[in-house]
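Visitor: The following block contains a protein sequence and its predicted model.
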Amino acid sequence: MFRHLAQLYHGPVFAGPDVERIRFSVSATDFKMKKRNGMPDPDLVSSLHVQTVSGLHKVCPALTLFSLPDVAPPNRRLLNADGSPDTFTDELFAIVSDGSRVALYGGCTHHGVINILSFVRDSLGISHIDAFVGGLHLMGRSAKEIEETARTARDFDVTHWMICHCSGSLALSIWQDYHDVISSPSLLLQ
């Protein structure tokens with residue numbers, strides 16, 4: 001897919017720092033079984049005209065990209081080539097605004113949805129978000145932890161939540177008790 005993209009698209013591709021880093025996912029049942037994860041071919045970074053974004057980058061008046069200054073909590077199932085846990089220094093987020101409405105695209109939100117919302121409010125000065133789009137990275141978490149996160153998220157002015165990948169059906173169920181959720185159930189279990 002990336003090779004076809006490189007042949008068809010010649011505009012900029014934005015990515016977080018360390019996008020070229022080689023990493024592996026580890027099977028939940030057999031921690032010795034590794035599968036390469038991330039950019040399939042680091043050489044594609046140059047052919048795709050990848051521009052890395054660290055911190056805040058205003059692409060145009062309607063699109064602002066940002067990475068968080070802190071690393072995400074380590075993930076024991078995603079490893080760097082040296083075997084250390086991945087801390088997602090390459091994760092990138094997007095704010096899209098038409099001047100009156102704001103959407104926040106969170107990807108997998110490995111940094112934690114509350115950390116991301118706090119950064120948007122406290123560092124970017126955005127107090128209202130019309131739509132959050134992304135995963136909550138809560139799959140496999142306990143109901144108590146999900147409920148605590150859902151309650152805390154009420155402190156942020158988010159009108160609609162479009163929850164997808166890496167959230168999990170339990171998170172969707174609990175989140176709906178606290179928030180206006182628009183979801184695609186087929187994406188929740190990925």
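Guide: Here it is on my side, so go on. Numbering: from 1, shown residues only.

Visitor: what packs against the helix or strand R77 falls within?
Guide: With elements taken from DSSP states H and E, the one containing R77 is strand 75-80. Secondary structure elements in contact with strand 75-80, counted by 3 or more CB pairs under 8 Å, 6 or more residues apart in numbering; DSSP states H and E, are strand 23-26, strand 85-86. The way it works is simple: take the backbone N, C-alpha and C, and place the C-beta from them, glycine included.

Visitor: need those in a markdown table with mean pLDDT, mean neighbour count and distance to V13, can you?
Guide: Written out in a markdown table, the entries for the helices and strands packed on strand 75-80 read as follows (pLDDT from 0 to 100; neighbours: other CB atoms under 10 Å; distance: least, CB to CB, whole Å):
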| stretch | mean pLDDT | mean neighbour count | distance to V13 |
| --- | --- | --- | --- |
| strand 23-26 | 76 | 18 | 19 |
| strand 85-86 | 79 | 20 | 21 |
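
Visitor: Pipe the ones you listed into TSV and attach distance to S123 per row.
Guide: As requested, the helices and strands packed on strand 75-80 are exported to TSV (distance: least, CB to CB, whole Å):
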stretch	distance to S123
strand 23-26	27
strand 85-86	24
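
Visitor: Please name the residues that touch the closest residue in space to T159 that isn't next to it in sequence.
Guide: Take T159 and drop its neighbours on the chain: the residue closest to it by CB to CB, 6 or more residues apart in numbering is D130, 5.0 Å away. Listed by CB atoms under 8 Å, 6 or more residues apart in numbering, the contact set of D130 reads R101, V102, A103, V158, T159, H160.

Visitor: Could you do P73 as well?
Guide: Contact analysis of P73 by CB under 8 Å, 6+ apart lists T87, H110, H111, G112.

Visitor: I'm done for today, thanks for sticking with me.
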